[in-house]
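In: sequence plus the predicted model coming up.
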Amino acid sequence: MEAQQSTAELFSPSQAALTALDAAKDQWAQTTVAERLTILQEIKDALVQVAPGWVAAATRAKQLPADSPLQGEEWLSGPYALMGACNGLMQTLSEMDGKAFLDGLPKRKLVTGQTAVKVTPHSIWDRLLLSGVKAEIWMQPGVTEENLPAHAATLYDSPRADRKGKVSLVLGAGNIAAIAPLDAFQKLFVENQVVILKMNPVNDYLTDYLCAALRPLIDRDALRIVKGGGDVGAWLTEHPVVEEIHITGSEVTHDAIIWGVGEEGRANREARTPRVDKRITSELGAVCPTIVVPGNWSEADIRFQAENLATQKLHNSGFNCVACQALLMPRGWKQGEALLQALQKVMGESQRLAYYPGAEDRLGAFRGHGQRISSVPRGKAPPVIFTRLEDDPWFCENEVFAPALSTHELEAQSAEQYLKSAIDYANENLHGTLGANIVIHPSTLKEIGRERFEALIGELRYGTIAINAWTGLGFLMTVCPWGAFPGHTLEDVQSGIGTVHNTFMLEGVERTVVEAPFRPFPRSAMAGSPTLLPRPPWFITNRRQHEVGRLLTLFQYRPGWLKLPRIFLNALLG
């Protein structure tokens, strides 16, 4: 009897949440655009109040010093991203009549024959605050400029009174604070579903802050947030009221939900009889590559790109699903050794503790598969471990959620041939398709030719591709869809199925391509590639990112010209 009572107590909050959500799901689906705009504004008003406490809690949990500039990561990948999503959704919803929101988005036909939709820059604020950064969404073949309205916000096409809702379960991620609420926004505002959000135990300290910020949704029975371990998550996945599931996490967790574990999992997979017969979307990480294209780099170029590469690996202490896992380098490139030395120097100065559970075991497994191991000492922080991809096929198949990196060299008879070889290598050898980065000098890109470069990009099968940037920027800009390259299945899920974010509500998307200037300010201006960013605020080396992140969040809450001087001043000091 005591065991039965404890089980009932364990699942009681989730059962009550599901009962309320199920009763309100159709009402939510039929909510007017005007009401949704009101809700999003109320969320912004609540979020700006709890944001400082949210960031302080994350700073403590991730073992950052109270005065660390790295608090900026918690601002940008937490309240800032969520505030930006509110703004993006409000813009789309306010222009929903006739899908007028599509009119202001430049479109072009790619050399691949596909349609590209530019989503950044989209406003004067984008041009000033994300100066020099561009983002395009490449649509899947068959989506044209003419039929684009038929591939955007289609759930808003049906008469409001006819809309039926669903109850969806979002299994939150434990590393980046904005992931869970942004995943819930996808279900709520793009797919018309009410959400039970199950927090990850690693960051469920955010629960009270999220409950306060998202109170307008909770009060309308459109959202419930619950805590618990794997037992609560498993119970929710199998509950009959839950009609759809979204998970951000590992492929192992995904497959355990779908197929089961051990012998049961093998038998179910072979018989193609999943344990859970529900629509499931997911974002599951990858062995994400960075391709360094050879060129004639200056010493300043090497220093700046070393900071870029270090950020791709060590942002959030390396605990990112889109962290660089495989650094592809040109064999024989005369500046390659100088870049690696500069990279290791920057990494050695990033003495950040490994806060995420299991990091020590994962680093041990990584070491165990290496033959030529080197490491970069970082004081009290665990050293960054380097291995070679070719030492063991394991490195190509397994994402290491920790500060570890594998390198691989490819022949480089020419920059174009090398880039083609690196793209083929990534496509054919590296597990997953979430994000890939390309670092290329403007002169080298010009030598290859923009059209040929674009055609090569079209062969790189990843959901987000960053050129002279990090794909994490595509996560922060919630106008961009975020997820794997399309085509994965439950049987071979790799980086997942479906996308989230995507505040313009585009459907039939293939990938996002983000591009940033190769050089920072002021060298960029002298080279004819203007940007106001001397050191991007998402760089782990930015000395003022805590202030820039806070100020950008306040700007997202209420944009205004008078807020720009302080942002620019701190950006210049970074």
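Out: Looks like it came in fine. Numbers count the residues shown, from 1 in each chain.
In: poorly predicted segments of this protein, please.
Out: 1-8, 524-532 (pLDDT under 70).
In: and it, what are its domains?
Out: Domain ranges of the chain: 18-109+157-283, 288-478+485-499+513-519, per automatic domain parsing.
In: how far off centre is the shortest one?
Out: Going back to what we said before, that points to domain 288-478+485-499+513-519. A distance of 15 Å separates the centroid of the chain from that of domain 288-478+485-499+513-519, by C-alpha atoms, centre = their mean, to the nearest Å.
In: does residue 62 touch residue 355 like I think?
Out: Yes. Under the criterion of C-beta atoms under 8 Å, residue 62 makes contact with residue 355 at 4.6 Å. C-betas here are computed from N, CA, C, even on glycine.
In: the two - which one has more neighbours?
Out: Set residue 62 next to residue 355 and count neighbours by other C-beta atoms under 10 Å: residue 62 wins out with 23 against 15.
In: separation between the residue sitting nearest the centre point of the chain and residue 207?
Out: Centroid check for the chain by C-alpha atoms, centre = their mean gives residue 475 as the closest residue, at 3.5 Å. Residue 475 sits 22 Å away from residue 207, taking C-beta to C-beta, to the nearest Å as the criterion.
In: swap in residue 370?
Out: In terms of C-beta to C-beta, residue 370 sits 39 Å off from residue 207.
In: which residues are common contacts for residue 62 and residue 355?
Out: The contact sets of residue 62 and residue 355 overlap at residue 317 (C-beta atoms under 8 Å, 6 or more residues apart in numbering).
In: point me to the helix or strand that includes the nearest residue to residue 90 once chain neighbours are set aside.
Out: Residue nearest to residue 90 in three dimensions, not counting chain neighbours: residue 40, with 5.0 Å by C-beta to C-beta, 6 or more residues apart in numbering. Assigned by DSSP states H and E, residue 40 belongs to helix 33-61.
In: follow-up on the earlier one: to residue 564, which of the domains of the chain lies closest?
Out: Evaluated over these, closeness to residue 564 peaks at domain 18-109+157-283, with 15.9 Å, by C-beta to C-beta.
In: and the strands in the stretch 301-450 of the chain, which stretches?
Out: Here the stretch 301-450 of the chain has its strands, by DSSP state E, counting those that start in this stretch, at 324-330, 374-378, 381-388, 404-410, 435-439.
In: before we move on, back to that, got the contact list for the residue nearest to residue 90?
Out: Residue 40 neighbours (C-beta under 8 Å, 6+ apart): 86, 89, 90, 93.
In: hang on, the third one in a strand?
Out: No. Note on residue 90: no strand contains this position according to DSSP: H, G, I helix; E, B strand; the rest coil, which reports helix.
In: my guess is it contacts residue 41. True?
Out: Yes. Residue 90 sits in contact with residue 41 when judged by C-beta under 8 Å, with a separation of 7.2 Å.
In: the more surrounded of the two?
Out: Shown here are residue 90 and residue 41; by other C-beta under 10 Å, residue 90 has more neighbours (20 against 13).
In: now that one: how far from residue 149?
Out: On the measure of C-beta to C-beta, residue 90 and residue 149 end up 20 Å apart.
In: over to residue 475?
Out: The value you get for residue 475 to residue 149, if C-beta to C-beta is used, is 27 Å.
In: so which bits of stretch 542-553 are buried?
Out: Buried residues in stretch 542-553, counting neighbours by 16 or more other C-beta atoms under 10 Å, are found at 542, 544, 545, 546, 547, 548, 549, 550, 551, 552, 553.
In: contact partners of it?
Out: With contacts defined as C-beta under 8 Å, 6+ apart, stretch 542-553 is touched by 48, 51-52, 55, 68-76, 79-80, 83, 129, 535-539, 563, 566-567, 570-571, 573-574.
In: how far off centre is it?
Out: For stretch 542-553 - counting by C-alpha atoms, centre = their mean - the centre lies 19 Å from the chain centre.
In: going forward, count from 596.
Out: Will do, 596 is the new start, and the previous item becomes stretch 1137-1148.
In: kindly format the C-alpha coordinates of it as PDB.
Out: Coordinates of the C-alpha atoms in stretch 1137-1148 are reproduced here as PDB (Å, rounded to 0.1, in the frame of the first residue of the first chain):
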ATOM      1  CA  ASN A1137      34.400  38.600 -25.000                       C
ATOM      2  CA  ARG A1138      35.300  40.600 -21.800                       C
ATOM      3  CA  ARG A1139      31.900  42.400 -21.700                       C
ATOM      4  CA  GLN A1140      29.500  39.800 -22.800                       C
ATOM      5  CA  HIS A1141      27.700  39.800 -19.400                       C
ATOM      6  CA  GLU A1142      26.900  43.500 -19.900                       C
ATOM      7  CA  VAL A1143      26.200  43.100 -23.600                       C
ATOM      8  CA  GLY A1144      23.900  40.100 -23.000                       C
ATOM      9  CA  ARG A1145      21.900  41.900 -20.300                       C
ATOM     10  CA  LEU A1146      21.600  45.100 -22.400                       C
ATOM     11  CA  LEU A1147      20.600  43.200 -25.500                       C
ATOM     12  CA  THR A1148      17.900  41.400 -23.500                       C
END
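In: what's the burial count for residue 870?
Out: With other C-beta under 10 Å as criterion, residue 870 counts 15.
In: residue ranges of the strands in the stretch 1046-1169 of the chain, please?
Out: Going by DSSP E, counting those that start in this stretch, the stretch 1046-1169 of the chain shows strands at 1059-1062, 1076-1078, 1094-1096, 1104-1110.
In: neighbouring strands for the third one, and are they parallel or not?
Out: Put plainly, it is strand 1094-1096. With DSSP bridges as the test, strand 1094-1096 is paired with strand 1076-1078 (antiparallel).
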